Structure formats: C-alpha cells, structure tokens
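# Mind looking at a prediction? Sequence and model below.
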Amino acid sequence: MQKHAPSKSRNAAASKASDGAALDAGLHLVSTPLGNARDITLRALDVLRDADLLVAEDTRSLRRLMNIHGIPLAGRRIMAYHDHSGDRDRKAVLEALRRDASVAYASEAGTPLVADPGYALVREVIGEGHRVLPVPGPSALIAALTVAGLPCDRFAFAGFPPSQRKARRRFLERLADVPGTLILYESPRRTGATLQDAADVLGVDRPAALCRELTKKFEEIRRDTLGALAESLADMPLKGEIVLLIGSHATPPDPANVEQALREALKTRKLRDAASDVASRYGLSRRDIYQLGIKIGD
C-alpha cells in the first residue's frame, strides 16, 4: 500500500458527520484500497470512524489506512479475523452484534469475501438474524475486467486455481465452456505455469490479459493470446498481485482442425478422455466432440 501523509481534506472526511447519526448495528463489510490509499469512499471512512468494533484480515494494514486518513482509534481495538481464525474469533464478533454493536470488517485489500476470508463469519451472522451491510468500493477483479479489453457483458470469477498441475488442469477443463470472460487470481510464482496450462487446455489462441499490481507504482497490464503470454512469461520472475483474464474463442475453430485433433488424440487415449481434451482445447461441447468421435470410429 502506498504511503501518504494525512491531509486536511482527509481529516475533514474523517470528522463527525453533520447529522450526527449513529452507525447502524450490524456487520459492515468495508472495501479498502488495492494499493493507492486515495481509492476509498467517504462512506467507508465514516464507517471506520464510527464503528464500535473494528475487525480486519490484517490489523496493521487497517491501522495504517486509518492513520493515513486521520481516523483515530479513539480507544477501540482492531480485532484480527483471517484464514486461520476459528470459532472463538467468530463468537467474539457475534457477541458484539448481540449487544447491538456496529462492526466494521475489512480484508487486507479490496472487497471482503472475494477470494478472501469472511464467508463463515457472514453465514453465522446471517443465521443469527443480524444485518450485513455492504460498503462498496475497490475490487481487483472488477478493476482488471474494465481495463483488460475483453468482453465485460458476461464473465465468471473462479478464484485461485489449484497449486498442483494435475488438479489445475482439471480445474481449467471444467471452465473451458464458460460463455464469457474468465477471471482468475494467481500467485506470482505460479503464474507462468498456470498460463502454460491454460494455453494447453483452453487453446493457445484464446485472447487474454494479465493485470499486475493494479493501482500501485509498478502497475502492469499485458494483453495478448494465452499462448503468447505463456511464452513471454515462462521464465520471467513476477512480483505482486496477479489477475488473469481469459476471453472465449474469438471465432469458431475450423471443423477440419477439430476432427484432425480428435483423430490424433484417439491414437493414444480413450474416446471419453480424447473428447474431453479436444473439447476443452477448442471451447466446444464435450457431447458434440464425443459424438464426432463415435462417427470417426464407425
């Protein structure tokens, strides 16, 4: 997160609201900046200022953000809630809500629960009948989608792929037929391997974009085909947060190429496996390719 000194305007934003209204009781899910501390809404600042209890995936990040914007803790503590939190931490939040407290929860960056901790907590809060209130703001997947140059009218977010190659390829095969832009998060140390697997499974000609360190000093956006990205980044060490976006096939594949690929696959694989592989590679229906395989065998 970039460091900024508190300014008069930010301190003004953190001053008491003119109507003096208390913050509603409930769990407020506060979206926080991806990297640039100025990317935060006035409402988010209000919630962080007025909440009875502050909860964060990373307490240091939230404390730093509040300091940048001149929001005092005013005797409040920041409670940690992250991937390793258990029942005791959830119970502490629920106890506060039972007392009609206002609780603000923020992930380390971006929108809470989106490939971040908090789902189990929200389910229990809802189960007890407490309010859950969104405080919208930054989201890495939406930011990446808007600048990738790929269709935005239909998209699917699939989170982080598995770390193991075999599981990752199965994961990608299941996503081959998604009718729209596919969005993934990935670790920088696995990005090269994931790009290569995606090119192998989904097709080298699929349009794609790789967004790195969005809103930060070293922000980078690469747009190319999956094959070209996989080749250019194969041995390149990457750093920072990665969002990978994959478009659908720009044009239908040549039927002759599909049939030839299936014939080649059938030389070494059973029909079911060969059909699945070819269908995934070209973004086609597995059933249609399976039927084509039956015709080839007749």
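Ah, there it is.
# quick one, domains of this protein?
8-138, 141-246, 255-297 (automatic domain parsing).
# now the strands: where do they sit in this protein?
26-30, 53-56, 78-80, 102-106, 132-135, 155-157, 181-186, 207-212, 220-225, 242-246 (DSSP state E).
# got a list of contacts for the fourth one?
Applying Cβ atoms under 8 Å, 6 or more residues apart in numbering, the set of residues contacting strand 102-106 from outside is 22-32, 47-48, 50-57, 62, 81, 93, 96-97, 112, 118, 121, 135. (C-beta placed from N, C-alpha, C; glycine too.)
# how about the strands of the chain, which one is nearest Ile71?
strand 53-56 (9.8 Å; Cβ to Cβ).
# average model confidence for the closest one?
On average, the pLDDT along strand 53-56 is 97.
# ok, residues contacting that strand?
Outside strand 53-56, the residues touching it (Cβ under 8 Å, 6+ apart) are 48, 62, 73, 76-81, 93, 96, 101-108.
# just to revisit the earlier point, show me just the buried residues among the contacts of strand 102-106.
Those of those that meet the buried threshold are 23, 25-32, 47-48, 50-57, 62, 81, 93, 96-97, 112, 118, 121, 135, by 16 or more other Cβ atoms under 10 Å.
# From Arg63, how far out is the closest residue to Asp58 other than its chain neighbours?
Distances taken as Cβ to Cβ, 6 or more residues apart in numbering place Glu108 nearest to Asp58, at 4.2 Å, with adjacent residues excluded. Relative to Arg63, Glu108 is positioned 12 Å away (Cβ to Cβ, to the nearest Å).
# higher neighbour count, those two?
Glu108 (18 against 15; other Cβ atoms under 10 Å).
# which residues touch the more buried one?
Contact partners of Glu108, counting by Cβ under 8 Å, 6+ apart, are 32, 56-58, 61, 116.
# can I assume Gly203 is in contact with Arg281?
Yes: taking contacts as Cβ atoms under 8 Å, Gly203 lies within contact range of Arg281: 5.2 Å.
# more crowded one of the two?
Using other Cβ under 10 Å as the criterion, Gly203 and Arg281 rank with Arg281 on top: 24 against 20.
# mind checking pLDDT for that one?
With respect to pLDDT, Arg281 has a value of 77.
# And it, how close does it get to Leu229?
17 Å.
# And Phe157, by the same measure?
To Leu229, Phe157 is 19 Å away according to Cβ to Cβ.
# Mind checking which of those two has more residues around it?
Neighbour count, other Cβ under 10 Å: between Phe157 and Leu229, Leu229 has more, with 26 against 17.
# Identify the bridge partners of the residue nearest to Pro134 when sequence neighbours are not counted.
What sits nearest to Pro134 in space, not counting adjacent residues and going by Cβ to Cβ, 6+ apart, is Leu29, at 5.5 Å. For Leu29, the beta-bridge partners are Tyr105, Pro134 (DSSP bridges).
# Give me the residue ranges of the stretch 151-298 of the chain where confidence is low.
When residues are selected by pLDDT under 70, those of the stretch 151-298 of the chain lie in 250-251, 283.
# all helices of it, in order?
165-174, 191-202, 226-232, 255-266, 271-282, 286-297 (DSSP state H, counting those that start in this stretch).
# Turn those into a markdown table, columns for distance to Ile126.
Shown next, in a markdown table, are the helices of the stretch 151-298 of the chain (distance: least, Cβ to Cβ, whole Å):
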| stretch | distance to Ile126 |
| --- | --- |
| helix 165-174 | 29 |
| helix 191-202 | 34 |
| helix 226-232 | 39 |
| helix 255-266 | 47 |
| helix 271-282 | 37 |
| helix 286-297 | 37 |
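# Nearest to Glu128, out of the ones you listed?
Nearest of these (Cβ to Cβ): helix 165-174, 34.2 Å.
# Can you point out the buried residues in that closest one?
Counting neighbours by 16+ other Cβ under 10 Å, one finds that the buried residues in helix 165-174 are 168-169, 171-173.
# how about the CA coordinates for it, as PDB?
Coordinates of each C-alpha in helix 165-174 appear next as PDB, following Å, rounded to 0.1, in the frame of the first residue of the first chain:
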ATOM      1  CA  ARG A 165      -0.500 -29.100 -12.000                       C
ATOM      2  CA  LYS A 166      -2.900 -32.100 -12.400                       C
ATOM      3  CA  ALA A 167      -5.600 -30.600 -10.300                       C
ATOM      4  CA  ARG A 168      -5.100 -27.200 -12.000                       C
ATOM      5  CA  ARG A 169      -5.600 -28.700 -15.500                       C
ATOM      6  CA  ARG A 170      -8.800 -30.400 -14.300                       C
ATOM      7  CA  PHE A 171      -9.900 -27.100 -12.900                       C
ATOM      8  CA  LEU A 172      -9.300 -25.400 -16.200                       C
ATOM      9  CA  GLU A 173     -11.000 -28.200 -18.200                       C
ATOM     10  CA  ARG A 174     -14.200 -27.600 -16.100                       C
END
